[in-house]
Structure formats: structure tokens, C-alpha cells
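> coordinates for the following, if possible.
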Amino acid sequence: MTDAPKPQVRPLDAARNAAQEIADQVLETTDLAAVNVAFRGLKDIAERYPQTDGLMRVAVCGATRYMAIGRRISDIGIVRDAHLFLATLSLRDEDDPLPHRALAEASVDLMLAEAQQSGFLRALDTYRTVVAISLARGDDPNVASAHAKGAANLVALALEADAPLEADRALADLARLEAAQPEMLLVRQQRGRGLFNRVAHAARRTELETRSLDVGGLTELAALIEVARRAPVDPELVDLAAEGIFAFVTGLGTRGEVALARRHYEDLSALAQLPEAGAMVRRRLADAAFNLITDLCEMEEPDLATVLYGDLSGLSVANDDDPSICLAHAKAAANLVLTHRDRGDHAAADVIADDLRSLVLAHPEDMELMEVATFLDLADG
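Below is the predicted model:
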């Protein structure tokens, strides 16, 4: 007897098996050779049977999961191969949005991988692929979101690579994307991230370079605040704006630009009043107040510091259950007490010292508050 012929596996089933082999090892690859074989098999099926119903979706799914493996194990070759396969798939069907959306997302992933493995210029070349896809399919919100994500990341990459003009171009891309898709929260969030990346970089420069102020960073900070406050207000953007303002308040205060720092502190205070502002925003406001109080004490401006201390004390009372805000309150009180004592103004020092004692008594279990009070007692002795 002769063996009966094995039943022929349909192309779609074979593709699904290959894609599943890849998917099974996305989180923890145990057999990279098997994954590579499965990917080659998937590509071969897609090449030989391009008109098979349902095959495009399976091929795209397998390619994106293959890329995820490459990103996880930092294998740039896998990432490039997956990206090239998706590019090939996108050329086969102009009407199907799926491969084009997947290619846009994969291009952002490749951009980040290229930045890590090959440097900024390779990342920039890949970003231009994202731009080209976006220009061709600008009415697709998924492509617009991927473009915005790529642009926001490129801002950070360009600034790290000392390529500020490319960062400016990416920010301009973000502004255009948001103007074209004003109802898309994902695009607005990515513009906020791009602006924050620029603001954070500018704040570090402002803090470190005592002879120069990054005015461009202040312009982007104003734009970030505007984006965060625009209705409908998004809590994530409010948090980003708070981080950006805090960074600039700290940088300006460190270099002695206390008046300008105080103005931006008021921006942060206004942001904290929004109903969408969460605990992180209030903590940043407390930290900013403490930093400014410290700067003013060092500049021998205790009266101005005391005004800010009143704001911080009120914030602490309103958020009595937040240890971070209470600690900022305690440290600011200690600084002010020491400053007033150094100036011989013991009456003012005693008032604030009593406020600190009340804070500690209200939180007897908080050892960090107790340490601040103990330090103050030792300093007094």
C-alpha cells in the first residue's frame, strides 16, 4: 500500500500558522531561529498568493509582531526586515488602509531603533518615510496619529543630537497636523509631548548656561500651556504642562531670574485650579513654591519668600493628606526660619517655626517631617 497524500494546507491557514508562531514569542522569545523561519514562510506565502482573501490582514499582523520582537531584543536587522515587508504590502493595495497604517506605525518604531543603533541621521531618514505616508494619506486619522508620534519623538532626538532646526521642523509638522485634525485628541497629545520635549531641553539649558536665556523655550512653553488648557481639557496634557512650567521655574530661579520665574509660577498656579488638574499638578506647584522660596532666601529676599510661603501653606492645608506637599511645606518653613534668624528677625522666625510644629504634630507618623523639624532644632541649638 502506498501512503495517502497529505492534505494540502490552504495558503491562508499556512499564513495564520506562521503568524501565530511569531505571535507566541513576542513577549519572551525562546527560539529566534524558528521565528525567523516563520517570518520567511509568511513572506513567501504573501508573495505567492497575494490575492487570497484575508491574507493581507494576517501578513500585516505577523509583520508587526515580528517587528515587536526585534525592538524587544534590539535587533535592528529584524526591525528593518519587518518594515520592508510592510512597505511591500502597502504597495500591493492602495485602497486598503491597513498596510499603510501599519507601515506608518512601523516607521516610527524603526526611527527609534535607528536612533539607538545607527544615530540621528538614519532616524531622520526614516522619519521622512513617515512624512511621505502622511502626505499621501493625510485624511487617515491613524496615519496622522503615527506621524504626530514620530514628530514628537523626533523633537527629543534632534535636540539630543544638537540639531535644533530639525526639532523646529518637527514642531512645525505637529502644529500643521493639529490644525488639520483639531478634533483628534491623540494628535493634540503628541503635539503636547513635542512641545514638552522642547521646553524641558530649554529649561535645562537655561539652568546650566547662566549667561543665556532660551527665549525660544519660553515661546514653546506658552504654546504648551495653550494646548493643555484648550477644551476639552485633557488631564494628561495638563500634567505635561505642569512638568514643563516646573522645569522652567526651577531653571529660571537657579540662574537668578526670580521675577520671570514667579510669573511662570503663577501660570502653574492657574493650571492647578483647573478641575482636570490632578495630584501631580498640585505637587509640582508645591515643589515650585519651595524652590522659589529657597532662591529668594539665598537672594536675601525673605519678605517675598514669605508671601510665597503663604501660598504653599494654604496649598498644604488644602491637601493635608498628600505627604509630598506637606514635605515641601516643611522644608520651605525650615528655610524661612533659618533666613529670618540669620537676619535677627526672631519674631517672624518664631511664627513660621510654630507653623512647622503644628504641621509635624498633625502628622506624627511622618518621619520625613520629623527629620526637618529635628534639623531645625539642631540648627537652633
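> what sits up against the helix or strand of the chain with the lowest mean pLDDT?
Lowest mean confidence among the helices and strands of the chain (mean pLDDT, DSSP states H and E): helix 367-380, at a mean of 82. Residues from elsewhere that reach helix 367-380 (CB atoms under 8 Å, 6 or more residues apart in numbering): 323, 326-327, 330-331, 333-334, 337-338, 341, 353, 356-357, 359-360, 363-364. Just so you know, the C-beta spots here come from the backbone N, C-alpha and C atoms, and that holds for glycine as well.
> can you rerun that using 10 Å?
Residues outside helix 367-380 that contact it (CB atoms under 10 Å, 6 or more residues apart in numbering): 323-324, 326-327, 329-335, 337-338, 341, 349, 352-353, 356-357, 359-364, 366.
> where does residue 139 land in three-state SS?
Of the three states, residue 139 takes coil according to DSSP: H, G, I helix; E, B strand; the rest coil.
> start at 647, not 1
New numbering, starting at 647: the last item is residue 785.
> for residue 751, see how far away it is.
The gap separating residue 785 from residue 751 is 17 Å, by CB to CB, to the nearest Å.
> compare the two (neighbour count), which wins?
Counted by other CB atoms under 10 Å, residue 785 and residue 751 do not tie: residue 751 has more neighbours, with 21 against 8.
> could you list the buried residues of the host helix or strand of that one?
According to DSSP states H and E, residue 751 maps onto helix 743-763. Neighbour counts over helix 743-763 (16 or more other CB atoms under 10 Å) mark 744-761 as buried.
> packing partners of that helix?
Applying 3 or more CB pairs under 10 Å, 6 or more residues apart in numbering; DSSP states H and E, we find helix 743-763 packed against helix 701-718, helix 722-738, helix 766-782, helix 787-806.
> low pLDDT regions in the protein?
647-655, 852-862, 1024-1027 (pLDDT under 70).
> which helix runs longest in it?
helix 831-854 (DSSP state H).
> next, the buried residues of that helix.
In helix 831-854, counting by 16+ other CB under 10 Å, buried: 833-853.
> what does stretch 712-721 give?
Result for stretch 712-721 [16+ other CB under 10 Å]: buried residues 712-717, 721.
> ok, now stretch 782-802?
783, 786, 788-802.
> which one is residue 1018 nearest to, not counting chain neighbours?
Leaving aside its chain neighbours, residue 1018 sits nearest to residue 976 (4.3 Å; criterion: CB to CB, 6 or more residues apart in numbering).
> from residue 911, how far off is that neighbour?
With distances taken as CB to CB, residue 976 is found 19 Å from residue 911.
> again with residue 656
For residue 656, the distance to residue 911 - CB to CB - is 67 Å.
> and these two? Which one has more around it.
residue 911 (24 against 11).
> isn't that one right next to residue 950, touching?
No. Using CB atoms under 10 Å as the test, residue 911 is too far from residue 950 to be in contact (11.6 Å).
> list residues touching both of these two?
Common contacts of residue 911 and residue 950 (CB under 10 Å, 6+ apart): 904, 938.
> quick check: residue 820 touching residue 797?
Yes. Residue 820 is within contact range of residue 797, at 4.9 Å (criterion: CB under 10 Å).
> which residues do those two both contact?
By CB under 10 Å, 6+ apart, the residues touching both residue 820 and residue 797 are 833, 836-837, 839-840.
> contacting residues around residue 835?
Each residue near residue 835 by CB under 10 Å, 6+ apart is listed here: 791, 794-795, 798, 824, 873, 880, 882-883, 886.
> my bad, residue 957
So residue 957 contacts 911-912, 915, 931-932, 935, 938-939 (CB under 10 Å, 6+ apart).
> can you say which of those are buried?
If you count burial by 16+ other CB under 10 Å, the buried members of the contacts of residue 957 come out as 911, 915, 931-932, 935, 938-939.
> how about these, which pair is most distant?
915 and 939 (14.1 Å; CB to CB).
> tell me the centre residue of this structure?
Centrality entry for the chain: nearest residue to the mean C-alpha point is residue 839, 5.4 Å, by CA atoms, centre = their mean.
> gap between that one and residue 776?
15 Å.
> got it, and residue 887?
For residue 887 relative to residue 776 (CB to CB), the value is 26 Å.
> what do you get for residue 936?
42 Å.
> how many neighbouring residues does residue 892 have?
Counted with other CB under 10 Å, residue 892 comes out at 22.
> what's the answer for residue 675, then?
Neighbours of residue 675 (other CB under 10 Å): 16.
> next up, the contacts around it.
Contact analysis of residue 675 by CB under 10 Å, 6+ apart lists 668, 681, 715-716, 718-719, 721.
> 6 Å instead?
residue 715 (CB atoms under 6 Å, 6 or more residues apart in numbering).
> helix/strand/coil for it?
Reduced to three states with three-state DSSP, the structure at residue 675 is coil.
> what's it sitting at in phi/psi?
phi -70, psi 120 (degrees, to the nearest 10).
> distance check, it against residue 717.
12 Å.
> what's the answer for residue 658, then?
Distance from residue 658 to residue 717, by CB to CB: 27 Å.
> also residue 731?
15 Å.
> same question, residue 769
The value you get for residue 769 to residue 717, if CB to CB is used, is 14 Å.
> so for residue 675 and residue 717, which residues contact both of them?
Going by CB under 6 Å, 6+ apart, no residue sits against residue 675 while also sitting against residue 717.
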